[in-house]
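S.K.: next input, structure requested:
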Amino acid sequence: MKAFFMERGASVSLAAVCAVLTVLSGCQKKNNYVAPPPAKVAVAQPVQSPVTLYAEFTGNTAPSAKVDVEARVQGFLQSIGYRDGAPVKKGQVLFEIEKDQYQAQVDLQKATLASAQATEANAKSQYGRQSTLGQKSFASQSVVDDTKTKLDAATADVAVAQAKLKTAETSLSYTTVKAPFDGVATRHLADVGALVGSSGVTKLATILQVDPILVYFTISEKQQLDMRDALAKQGKTLKDMREGARDLPFEIALGPDLAFGRQGKIDYIAPDVESATGTLQLRGVLENPNVDLVPGLFVRVRVPIGKIDAALLVNDVAVQSNQTGSYVMVVGKDDIVEQRQVTTGPVEGQLRVITSGLQAGDRVVIGSIQRAIPGNKVAPENATMAAAPNGPKPAPAALEGAESGKTKP
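M.R.: Just a heads-up that it's a prediction; the model follows:
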């Protein structure tokens with residue numbers, strides 16, 4: 001029995017020793033480091049598309065014509081012929097002032113004129129008779145001269161009566177107040193039954209012509225010089241704009257997040273710079289048939305100053321910035337990531353114009369950008385840039401948004 005336990009104990013000890021030796025032998029093997037695979041990033045080449053460059057300003061809308069409708073004669077207001085704020089047509093009756101006294105004046109002057117014309121006719125007959133008798137020496141020259149004087153006086157009385165009649169008719173016409181042009185009338189400022197014109201001209205309403213509508217905006221002295229240079233590339237000058245066809249187009253947008261959806265033509269450039277502000281005023285004309293625009297709106301204005309025929313555009317989200325400026329991540333030779341400093345231009349949809357720093361064949365990181373670490377190797381996967389603008393659709397830009405070498409008139 002004792003021998004059995006001694007034999008069993010020896011076996012256990014031997015097994016333990018073997019296990020320890022096995023562990024020790026395993027610890028002596030080296031752990032070889034296996035590097036992780038390169039990070040996967042989405043890359044795409046820049047999109048090439050024609051882009052128009054713009055100078056952008058702030059302006060405000062104004063009516064193309066604005067007239068105060070006024071009562072020019074005294075009387076009680078009898079009727080109002082329009083609805084406040086409604087469109088009106090040229091010649092439409094807007095207000096009626098009592099006519100009785102003015103019609104009576106017209107009738108009186110007509111009677112006075114008829115009397116003066118009768119007197120003139122009699123004087124003309126007398127002068128003719130006496131002139132004939134004078135030629136035959138049957139009437140003295142003094143009598144002939146007297147009848148001539150009476151005829152001249154009668155003719156003058158007719159002229160006075162005609163003038164007074166015209167004045168009376170004019171006053172009568174003022175009792176009917178009509179719209180001077182097509183437009184929109186403001187609310188009436190005098191009610192039916194009110195006495196108007198008693199102490200001078202009484203303003204009754206205002207009419208604004210809003211089709212077409214005007215846009216006024218100003219540019220700084222530097223912007224004026226930049227625009228002059230841009231026009232020079234097109235063979236034009238500011239003088240041409242003032243005196244010539246004035247066909248420089250412009251566009252407007254109503255808010256910072258809205259597209260430039262309306263186009264017009266600049267028809268006026270001020271001849272001088274305002275000394276107080278150092279700005280030059282310009283005016284554009286926009287068609288406004290549906291009266292979508294009203295006077296007094298603040299709008300964003302942009303004017304084309306150049307064009308890039310084959311601009312490079314990348315997804316705007318791929319463009320990042322730091323203290324040195326804007327940059328994009330580019331996958332270069334051997335799939336090594338490079339941080340590339342770029343000069344940016346305008347934004348068109350989801351794309352941004354890159355005016356320098358990129359080539360058409362560069363592989364720009366547009367997806368998983370956080371995995372693209374400069375100097376690291378990556379596993380690029382081909383992707384597609386956002387949709388490019390269709391054809392030569394313009395994109396907004398600042399005056400200095402593109403390199404001079406890439407623009408053309």
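S.K.: is it fair to say residue 106 lies in a helix?
M.R.: Yes - counting by DSSP: H, G, I helix; E, B strand; the rest coil, residue 106 falls inside a helix.
S.K.: excluding its backbone neighbours, what's nearest it?
M.R.: residue 168 (4.5 Å; Cβ to Cβ, 6 or more residues apart in numbering). C-betas here are computed from N, CA, C, even on glycine.
S.K.: just the buried residues of the one helix or strand that neighbour maps to, please?
M.R.: Residue 168 belongs to helix 141-173 when assigned by DSSP states H and E. Using 16 or more other Cβ atoms under 10 Å as the burial criterion, the residues of helix 141-173 that qualify are 144, 147, 150-151, 154-155, 157-158, 161, 164-165, 168-169, 171-172.
S.K.: between these, which sits nearest residue 79?
M.R.: residue 172 (16.0 Å; Cβ to Cβ).
S.K.: dump the residue contacts of the closest one.
M.R.: Taking Cβ atoms under 8 Å, 6 or more residues apart in numbering, we find residue 172 in contact with 99, 102-103, 105-106.
S.K.: regarding this protein, what is its longest strand?
M.R.: If you go by DSSP state E, the chain has its longest strand at strand 47-71.
S.K.: want to throw the contacts of residue 172 into TSV with neighbour count, distance to residue 213 and pLDDT?
M.R.: Output for the contacts of residue 172, formatted as TSV (neighbours: other Cβ atoms under 10 Å; distance: Cβ to Cβ, whole Å; pLDDT from 0 to 100):
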residue	neighbour count	distance to residue 213	pLDDT
99	18	37	94
102	21	38	95
103	15	40	95
105	17	42	95
106	20	41	96
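S.K.: wouldn't residue 60 be in contact with residue 294 here?
M.R.: No - if you go by Cβ atoms under 8 Å, residue 60 and residue 294 don't touch, sitting 11.0 Å apart.
S.K.: show me where pLDDT drops low in the chain?
M.R.: For the chain, the stretches flagged by pLDDT under 70 are 1-31, 129-130, 133-140, 143-144, 238, 240-247, 257, 389-409.
S.K.: excluding its backbone neighbours, what's nearest the residue nearest the centre of it?
M.R.: In the chain, the centroid-proximal residue (Cα atoms, centre = their mean) is residue 252; its distance is 3.3 Å. Excluding the flanking residues, the one nearest residue 252 by Cβ to Cβ, 6+ apart is residue 299, at 4.4 Å.
S.K.: for residue 178, see how far away that neighbour is.
M.R.: Distance of residue 299 to residue 178, given as Cβ to Cβ, to the nearest Å: 33 Å.
S.K.: more neighbours, the two?
M.R.: Counted by other Cβ atoms under 10 Å, residue 299 and residue 178 do not tie: residue 299 has more neighbours, with 22 against 15.
S.K.: in its sheet, what does the longest strand of the chain sit against?
M.R.: When pairing is defined by DSSP bridges, strand 47-71 lines up against strand 202-220 (antiparallel), strand 298-315 (antiparallel).
S.K.: can you put those strands in a markdown table and add distance to residue 380?
M.R.: As requested, these are exported to a markdown table (distance: least, Cβ to Cβ, whole Å):
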| stretch | distance to residue 380 |
| --- | --- |
| strand 202-220 | 45 |
| strand 298-315 | 15 |
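S.K.: just give the number of residues close to the residue nearest to residue 37 when sequence neighbours are not counted.
M.R.: Nearest non-adjacent residue to residue 37, counting by Cβ to Cβ, 6+ apart: residue 379, 6.9 Å away. For residue 379, the count of nearby residues is 12 (other Cβ under 10 Å).
S.K.: returning to that earlier point: following the helix holding residue 168 in sequence, what is the next regular element?
M.R.: Downstream of helix 141-173, the first helix or strand assigned by DSSP H and E is strand 176-178.
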